[in-house]
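Enquirer: All I have is the shape, not the residue letters:
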C-alpha cells in the first residue's frame, strides 16, 4: 500500500514518516523526556539522534515488515507520531499506536488524527478489526478510543515491557461494521 498524506483538517496533517524526520523526532523526544517517559518505554533508549535515525530507518526501509507510521503536524509544527502496529494481513486486523509532545495535548489533535487514520484503514485496507492499547491509568490515551466508539475488551496483563517491569494494558477495539454504522 502506498502511503499518502492525510489531511485531518485545516490545521492538522498526517505525513508518511521519512528519513528526514529523524532529527525532528529526536528533538521532540529530547525536549519532552519527563512528559513522555511516564508511559513510553522507548524514551530512555532514545539517547541520540542516531537512535531516532535507526528507528526511522527500521520503519521506512523494511519493505517486508513495514509499519505504516505518520508524523503529525499541527499548524506546520511537529506534534507527534501515529501509526499502525502489528498489522496482521491474514486475519485482517491491526493496532494503532500514538504519542504527542506535551504542548500539543488537550487540543483534540490525537482524537482527530486517530479518527482519520481509522477511516483511512477501513477504506483503503482489507481490515476488519482495529485495536488501541493504552497503559492502565493513562487516561489521556484511553479517552481517545472511548471518544471514537471503541469497545473496551479488558486488560492485557503485563502487556508491555517498561525497563525491568511490565505495564498492564487496556485493550479497545472497533470492527469495520461498527465504524461504518
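Expert: That came through, no problem. What you are looking at is a predicted structure, and each value in this text was computed from that prediction instead of being measured.

Enquirer: any chance you could map the strands in the protein?
Expert: Remark: strands assigned in the chain by DSSP state E are 6-7, 12-16, 69-74, 77-88, 93-100, 129-135, 151-162, 165-175.

Enquirer: Give the pairing partners of the fourth one; include direction for each.
Expert: Looking back up the chat, that one is strand 77-88. Applying DSSP bridges to the sheet, strand 77-88 is found paired with strand 69-74 (antiparallel), strand 93-100 (antiparallel).

Enquirer: how about that strand: buried residues?
Expert: Judged by neighbour count using 16 or more other CB atoms under 10 Å, the buried positions of strand 77-88 are 78-84, 87. For every residue, glycine as well, the C-beta is placed using N, CA and C.

Enquirer: State the distance from residue 77 to residue 85.
Expert: For residue 77, the distance to residue 85 equals 25 Å [CB to CB, to the nearest Å].

Enquirer: and if you look at residue 9?
Expert: Residue 9 sits 24 Å away from residue 85, going by CB to CB.

Enquirer: repeat for residue 127
Expert: Residue 127 sits at a distance of 13 Å from residue 85 (criterion: CB to CB).

Enquirer: intersection of neighbour lists for the two?
Expert: In the contact map built from CB atoms under 8 Å, 6 or more residues apart in numbering, the residues linked to both residue 127 and residue 85 are residue 94.

Enquirer: rewinding a little: and residue 45, which of the strands of the chain is closest to it?
Expert: Taking CB to CB as the criterion, strand 151-162 is the member of the strands of the chain that comes nearest to residue 45, at 11.0 Å.

Enquirer: List the neighbouring strands of the closest one plus their orientation.
Expert: Each strand that pairs with strand 151-162, with its direction, by DSSP bridges: strand 165-175 (antiparallel).

Enquirer: ok, residues contacting the strand it pairs with?
Expert: By CB under 8 Å, 6+ apart, the list of residues contacting strand 165-175 from outside reads 39, 118, 128-136, 142, 145-146, 148-161.

Enquirer: Check which helices and strands the lengthiest helix in the chain is in contact with.
Expert: The longest helix of the chain (DSSP state H) is helix 109-124. Contacts defined by 3 or more CB pairs under 8 Å, 6 or more residues apart in numbering; DSSP states H and E place helix 109-124 against strand 6-7, strand 12-16, strand 69-74, strand 77-88, strand 93-100, strand 129-135, helix 139-147, helix 176-180.

Enquirer: So which other helices or strands are in contact with the last one?
Expert: Helix 176-180 makes packing contacts with helix 109-124 when contacts are defined by 3+ CB pairs under 8 Å, 6+ apart.
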